[in-house]
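Q: give me a 3D structure for the following:
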Amino acid sequence: MTLRPTLAALALSAAPFALGPLAHAQDRVTPMTPDVVASYEQVRAQADYIKRVAMVPMRDGTKLYTVILMKKGTRNGPILLSRTPYDAAGSTARTASQRLVDILPVMDAEFVDDGYVRVYQDIRGMHHSEGEFVMTRPLSGPLNATGIDESTDAYDTIDWLVKNVPEGNGKVGVIGSSYLGFTTLMAEINPHPALKAAMPQSPMVDTWIGDDDFHNGAFRVGTLDYAVEMSTGHGDAGAKIARGAGDDYTTYLNAGSIGNYARAWGIENYPTVRKVMENPAYTDFWSLQAVDKWMAARPLTVPTMLVVGQWDQEDSYGAPAVYEALEPKDTANNMVSLVIGPWRHSGVNHYGYELGALTFDGDTALQFRQRYMKPFFDHYLRGTPATIPPVLTYATGANRWEVSPKWPMGSATPLYLGANGTASFAKPSGAGSTSYVSDPASPVPFLPRPIDIGDGDQWKTWLVRDQRFVAGRPDVVSWQTGALNKPLHIMGAPLVNLFAATSGSDSDWVVKVIDVYPDTLPEPASQGSKPAMTGYQLPVGIEIYRGRYVHGRATPAKLTPGRVENYRFVLPNVDHVFLPGHRIMVQVQSSLFPLYDRNPQTFVPNIFNARAGNYKAATQRVTWGGAQASAVLLPIVDEAAAAQLTPAPVNSVP
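A: Residues are numbered from 1 along each chain as shown. Next comes the predicted model:
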């Protein structure tokens, strides 16, 4: 394959820069001397690092663009690899500088300062790599007959690195978040012998159940923007849907169905768009791509530390799902670890002082990287001693790190919904129901309007946004406990056990567990504090379920109007302490827009192609008490479990 012109210049990045004859004959410069030079070498003689660019060959002849960086003088260094669709060249050019820690992401500083060789690689078909891009390329097998996947590419890359990087010590670790979390997991399948440790962070694992594209069958509209950005050119075209400015709530509402939206903007034939629109149910198309199932079917041979943010707004499902798949293989409880930090998506690799209105005890991300992340790799790539926790979580509310022997630590305890908007751990003595009208013409927003999903300040923190912005809406119903008289600690994934009926023939159900702060008033922000959280309604977990799948994810079916169904699904995994004086609230609604597409509430074979007349208001009824007692099962830590918890040190590595 012929390389694009930029590759030739990039491959010469280590060569000295020269301007040719003009550099030595300034007297020949005239007003008409052309003011263009071919390139500029940023890495100067005074740089504290070495940078190499290589086109690494794969077994099918495809070559992948690979950037290799290390401090000058590095010898016998472990190799830390990340395989990315997001531009290896850009990932290694954070700041124009002669210091390695400046040009790399902040999470790399501890590694390169301690003699690691850092490697970033464009996956096939993206940016400067050859080949064809397939979104989260399936593992070789029923869905992929080529014999080539991200697992084989990782194997071939590691094989090349240990043979061609003389500064390396022959041991390789892989790390990455989000899509890079997916490629990190793939490197563990049929792994190269030199692969000694892996840290998948917020990995994309099952994009129908709970990562990215769908959540329990409800479609995330941001997938369309992502598809255009990733699949135009080689991911470097800067393509965006040119819908202009304004409130995304209005934009998507006026478009009608998501199918209409895609067709209106000319993206309906993008392969990724077709894949989601033509496969709305959890058939083999999705289930055979689930990475946790791939991992469960293979031996656990690579020490793995799985990392996720408690308020990960994109991929909260994957890391705990893989932990659940791998943990039964870890008979000595020393091969797989789970970490849940108080972060947004990929927050572990940035700064962890705060999230939205929340403030934590120091930079929690740096604490983890220094005390646990680097020692994990040092242990397996250098043989240095380290204490690696089986489970490490940050107890939000109490603001402390905790080590536990397993996950979940809490025991499922029903918090029952009851009469008059009350919630209690005692089952209601009577039975009844609470109703509301859900109208697709006025869906419940997931953020205060105006909404801009592309605005990082909105997107990164929406999961901790004060939920009082929906207070008073008639299509949002709430149940609340009394003020707690002692701390209540939960560790695990709350389980929704909802009994509900609709007057329509399809319905979405959104359930939130909320920590309601007391009406206490600290010193004002003018004294240096953050704004007061008096009465704040902090979401501990939010999730959605598309009703048509209640009897089978692969077999959507019309709901019987008025018939009560039992909807069971989990909220994201959390370690949270509800403090004394706080209350626990459960909210139920039937839309979360425009994060998720609208359910027309009339059954149609494919919601992507719903027509305007299919969108109808419906009366929703949630039952409580009796034989159909709706509840959220909270994973409460009892005294026996609490005795197994250990405070986790977070000071710098001794």
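Q: going by C-alpha atoms from here, please, whenever you check contacts or count neighbours.
A: Noted.
Q: ok now the helix or strand hosting L381, how far from the chain's centre?
A: Using DSSP states H and E, L381 sits within helix 374-382. When distances are taken as C-alpha atoms, centre = their mean, to the nearest Å, helix 374-382 is centred 24 Å away from the chain's centroid.
Q: helices along the stretch 551-654 of the chain, start to end?
A: 639-642 (DSSP state H, counting those that start in this stretch).
Q: pLDDT below threshold where in it?
A: Applying pLDDT under 70 to the stretch 551-654 of the chain flags the ranges 652-654.
Q: go again using 80 as the cut-off
A: In the predicted model, the stretch 551-654 of the chain carries pLDDT under 80 at residues 651-654.
Q: quick one: the strands in it?
A: 565-570, 574-578, 583-589, 618-624, 631-636, 646-647 (DSSP state E, counting those that start in this stretch).
Q: the first one - contacts with which helices or strands?
A: Counting contacts by 3 or more C-alpha pairs under 8 Å, 6 or more residues apart in numbering; DSSP states H and E, strand 565-570 packs against strand 495-502, strand 537-546.
Q: buried ones in the helix or strand that the first one is followed by?
A: Towards the C-terminus, the helix or strand next in line after strand 495-502, according to DSSP H and E, is strand 508-516. Counting neighbours by 16 or more other C-alpha atoms under 10 Å, one finds that the buried residues in strand 508-516 are 508-516.
Q: F578: which of those residues is nearest?
A: D515 (6.6 Å; C-alpha to C-alpha).
Q: pLDDT value on that closest one, please?
A: If you check D515, the pLDDT there is 98.
Q: that older thread, what residues does the helix holding L381 touch?
A: For helix 374-382, the external contacting residues (C-alpha atoms under 8 Å, 6 or more residues apart in numbering) are 78, 110-111, 171-173, 196-197, 384-386, 388, 653.
Q: that older thread, tell me the one of the buried residues of strand 508-516 nearest S287?
A: When these are compared against S287 (criterion: C-alpha to C-alpha), the nearest one is D508, at 21.5 Å.
Q: contact partners for the residue lying closest to the closest one once chain neighbours are set aside?
A: Spatial nearest neighbour of D508, chain neighbours left out: R546 (4.5 Å); criterion: C-alpha to C-alpha, 6 or more residues apart in numbering. Residues in contact with R546 (C-alpha under 8 Å, 6+ apart) are 216-218, 507-509.
Q: which of the strands of the stretch 551-654 of the chain sits closest to S435?
A: strand 618-624 (4.3 Å).
Q: quickly run through the sheet partners of the closest one, with directions.
A: strand 432-438 (antiparallel), strand 495-502 (antiparallel) (DSSP bridges).
Q: buried set for the helix or strand that the first one is followed by?
A: Remark: after strand 432-438, the chain's next helix or strand is helix 456-459, criterion DSSP H and E. Burial within helix 456-459, assessed by neighbour count using 16+ other C-alpha under 10 Å, is assigned to 458-459.
Q: after helix 456-459, which helix or strand is next? Please name it.
A: Counting by DSSP H and E, what follows helix 456-459 is strand 477-480.
Q: name the nearest of the buried residues of strand 508-516 relative to P635.
A: Nearest to P635 among the buried residues of strand 508-516, with distances taken as C-alpha to C-alpha, is V513, at 12.3 Å.
Q: look up how far P494 lies from the closest one.
A: Distance, V513 to P494, using C-alpha to C-alpha, to the nearest Å: 8 Å.
Q: quick revisit: farthest pair within the contacts of R546?
A: N216 and S507 (12.4 Å).
Q: which regions of the stretch 401-550 of the chain lie under the pLDDT threshold?
A: In the stretch 401-550 of the chain, residues with pLDDT under 80: 525.
Q: give me the pLDDT for P203.
A: 98.
Q: tell me how many other residues crowd E543.
A: Other residues lying near E543 total 18 when counted by other C-alpha atoms under 10 Å.
Q: ok, now which ones touch it?
A: E543 neighbours (C-alpha under 8 Å, 6+ apart): 215, 510-512, 570-572.
Q: 10 Å instead, please
A: By C-alpha atoms under 10 Å, 6 or more residues apart in numbering, the contact list for E543 reads 210, 215-216, 496, 509-513, 569-572, 592.
Q: so which of those residues comes closest to A89?
A: G210 (30.6 Å).
Q: for the closest residue to that closest one other than its chain neighbours, grab the count of nearby residues.
A: Leaving out its chain neighbours, the residue that sits closest to G210 by C-alpha to C-alpha, 6+ apart is Y317, at 5.1 Å. The tally of other residues near Y317 (other C-alpha under 10 Å) stands at 25.
Q: can you check T33 too?
A: 9.
Q: that's a strand at it, yeah?
A: No. Counting by DSSP: H, G, I helix; E, B strand; the rest coil, T33 falls outside a strand, being coil.
Q: what pLDDT does it get?
A: 92.
Q: now it: how far from D27?
A: 11 Å.
Q: check whether T560 really touches V550, as I assumed.
A: No. Counting by C-alpha atoms under 10 Å, T560 does not reach V550; the two are 11.7 Å apart.
Q: who has more neighbours out of the two?
A: Remark: of T560 and V550, V550 carries more neighbours, 19 against 14, as counted by other C-alpha under 10 Å.
Q: show me what contacts the more buried one?
A: Here V550 is in contact with 216, 556-559, 565-569 (C-alpha under 10 Å, 6+ apart).
Q: state the pair within these that is farthest apart.
A: Top of the distance list for those (C-alpha to C-alpha): K558 and F569, 19.1 Å.
Q: hang on, the earlier thing: which one of the contacts of E543 is nearest K486?
A: Among the contacts of E543, and counting by C-alpha to C-alpha, the member closest to K486 is V513, at 18.4 Å.
Q: any idea how far the residue sitting furthest away from the middle of the chain is from H582?
A: Most distant from the centre of the chain: D27, at 58.1 Å, with distances by C-alpha atoms, centre = their mean. Taking C-alpha to C-alpha as the measure, D27 falls 78 Å from H582.
Q: which parts of the stretch 151-300 of the chain are strands?
A: 168-177, 195-201, 214-215, 218-219.
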